[in-house]
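Asker: Pasted the sequence and its predicted model underneath.
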Amino acid sequence: MDGTPLVLLSNGHWRTQALSKMRIQDDDVMDSARSFGTRNLESIRMAVLEPVGEITITPREEKK
């Protein structure tokens, strides 16, 4: 990694090229999502691989 965060998932769409480049599986992202309290793909707005190697999950805003 070069110090730049890398988007792995955005608005329900996997960034397959980024996943492949970093040798990350979608299951790895979903494991991280569960640690953030998110259980399914529809609940995730964005998943980002941080420069330190951690995956950060941004949940979708709940509609009221």
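Answerer: Sure, I can see it. Numbering: from 1, shown residues only.
Asker: Quickly note the distance from the closest residue to residue 42 other than its chain neighbours to residue 46.
Answerer: Distances taken as C-beta to C-beta, 6 or more residues apart in numbering place residue 12 nearest to residue 42, at 6.9 Å, with adjacent residues excluded. (C-beta placed from N, C-alpha, C; glycine too.) Per C-beta to C-beta, to the nearest Å, residue 12 is found 10 Å from residue 46.
Asker: and the two? which has more neighbours close in?
Answerer: residue 46 (14 against 10; other C-beta atoms under 10 Å).
Asker: by contact count, what packs against the helix or strand that contains that one?
Answerer: According to DSSP states H and E, residue 46 maps onto strand 44-49. With contacts taken as 3 or more C-beta pairs under 8 Å, 6 or more residues apart in numbering; DSSP states H and E, strand 44-49 sits against strand 6-10, helix 26-35, strand 55-59.
Asker: Which of those has the highest mean neighbour count?
Answerer: Comparing the helices and strands packed on strand 44-49 by mean neighbour count (mean count of other C-beta atoms under 10 Å), strand 6-10 comes out on top with a mean of 18.
Asker: Check which helices and strands that strand is in contact with.
Answerer: Where contact means 3+ C-beta pairs under 8 Å, 6+ apart, strand 6-10 is packed against helix 16-21, strand 44-49.
Asker: what angle sits between the last one and strand 6-10?
Answerer: Put simply, strand 44-49 runs at 160 degrees to strand 6-10, going by axes from the mean of the first three to the mean of the last three C-alpha atoms, to 10 degrees.
Asker: In strand 44-49, which residues are buried?
Answerer: Buried residues in strand 44-49, counted by 16 or more other C-beta atoms under 10 Å: 44, 47, 48, 49.
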